[in-house]
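# test case, fold it:
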Amino acid sequence: MTQPLAPHIAIACGGTGGHLFPGLAVAEQLVKRGCTVTLLVSPKDVDQQAVKMARDVEIVTLPAVGLQNRNYFSFGRSFVKSWLAARKAFRGRKPAAALAMGGFTSAPPIFAARQLGAKTFLHESNTIPGRANRWLSRFVDECFVGFPQAAARLRTKNVVVTGTPVRPQFKTRAASACRVALGLEPGRPTILVMGGSQGASGINDVMIAALPLLAARDPQPQFFHLSGPGETEKVRRAYADKKCRAVVHGFFGEMELALGAATVAVSRSGASSLAELAAARVPTVLIPYPAATDNHQMFNAKAFADTGAARLFEQKNIQPENFASMLSSLIANLVEREQMQSALAQWHAPQAAERIAEIMLQAIGQRAGAGTVAKPSGSVAAVKSGTRLERGVAAGSGILRA
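So this is what the prediction gives:
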């Protein structure tokens, strides 16, 4: 008897790590359920570096260009080229479903898949949806959101609150073993510094300004610093000048080790980074990227800070003395860190990727390869202004609720 072909799913997830890594998490769950998966990404270096870690999926690079500085002509031309490239990629194997993770790579593959009869979905990780997702939401069959606040800002009533997908390797780990793996000393407190693919330069400057004060307060902490590719040597020199032990990388692919090693972190507040910090329970000082569209990183950070899961500084208001004092206090105060870790647990949605995969498979009439598709325990459905909001997190979480 001929076996039916495995469902083919397309995931458009390029442009920034915040779009790509949640897409990889969903792809992994779909592959586990017997699907074949195509990831559609941008030519940006962050995409090309990150997809090297992807396994058992097809990678298609689209000639996508983001809309910025009124580059309407180049954006429009790249949109058409990306749509044609997606159609070509789908010609050999039509997708049964397509998922957009946001960003400028999302729309062309969704329209190409719709024309071929695929079910279409999108995921919005942030509290404030991006322009691409706000516009695209009216054309897809169903939307998933990481923060419940985002639901009302999308142009559809078919919204499910899932949380933001995180790859399964993000979890609490033995800090000493992670530090050794990173080339750090196992017993020293460790500050992880990361600025994301766009906002590294501003955080680099904040840390360099605060470094003399941090070193004077306590010489014990060591640093694992992701500087972005353009400022690696500048950051290394700053640590060397102050005789601080530090490992500096422009880009690092094993973030689960970096988070596992951290006593505290300094980070931007993109939704994907926040989801990974919550999964690893890392107390963090958040500095929202001030140029983020619609200031969405500030709203993300406030949601965490208001629940005690993080500390918040606006970049324009940072004084090196106050910033250094905050970091030193967190390093020294175990009780404060434990309180933050408890609050972070509320923001971790461990079943988000699995839930999204199962909803997509249900929509195309498939059952998960591992068995029957089932609702997670604690799932709640509610109707609010015509919008379907479902809790896709562990029972008892007070955060993701209608």
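# so where is the stretch 1-150 of the chain shaky, pLDDT-wise?
Applying pLDDT under 70 to the stretch 1-150 of the chain flags residues 1-4, 15, 64-75.
# can you list the domains in this structure?
8-166+349-390, 175-345 (automatic domain parsing).
# tabulate these (a markdown table), appending mean neighbour count.
Just so you know, the C-beta spots here come from the backbone N, C-alpha and C atoms, and that holds for glycine as well. Formatted as a markdown table, the domains of the chain follow (neighbours: other CB atoms under 10 Å):
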| stretch | mean neighbour count |
| --- | --- |
| domain 8-166+349-390 | 21 |
| domain 175-345 | 19 |
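# residue 34 is in what secondary structure piece?
For residue 34, there is no host helix or strand (DSSP states H and E).
# sorry, that was for residue 285
Going by DSSP H and E, residue 285 is part of strand 284-286.
# average model confidence for the following helix or strand past that strand?
Following strand 284-286 in sequence order, the next helix or strand is helix 296-306 (DSSP H and E). Confidence for helix 296-306, expressed as mean pLDDT, is 96.
# so what does helix 296-306 touch, helix or strand wise?
Judged by 3 or more CB pairs under 8 Å, 6 or more residues apart in numbering; DSSP states H and E, the packing partners of helix 296-306 are helix 271-280, strand 284-286, strand 311-312.
# want to throw these into TSV with mean pLDDT and distance to residue 320?
Formatted as TSV, the helices and strands packed on helix 296-306 follow (pLDDT from 0 to 100; distance: least, CB to CB, whole Å):
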stretch	mean pLDDT	distance to residue 320
helix 271-280	95	23
strand 284-286	98	13
strand 311-312	98	16
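# and the ones you listed as JSON lines, adding distance to residue 301?
Formatted as JSON lines, these follow (distance: least, CB to CB, whole Å):
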{"stretch": "helix 271-280", "distance to residue 301": "8"}
{"stretch": "strand 284-286", "distance to residue 301": "4"}
{"stretch": "strand 311-312", "distance to residue 301": "5"}
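# among the ones you listed, which is nearest residue 235?
strand 284-286 (17.4 Å; CB to CB).
# which residues of the stretch 51-200 of the chain fall in strands?
58-61, 97-100, 119-124, 142-145, 159-161, 190-194 (DSSP state E, counting those that start in this stretch).
# and the second one, which strands flank it?
As defined by DSSP bridges, the strand partners of strand 97-100 come to strand 8-12 (parallel), strand 119-124 (parallel).
# let me have these in TSV, adding distance to residue 331 as columns.
What follows is the strands paired with strand 97-100, written out as TSV (distance: least, CB to CB, whole Å):
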stretch	distance to residue 331
strand 8-12	39
strand 119-124	35
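# mind checking which of the ones you listed is nearest residue 250?
Per CB to CB, nearest to residue 250 of the strands paired with strand 97-100: strand 8-12, 26.0 Å.
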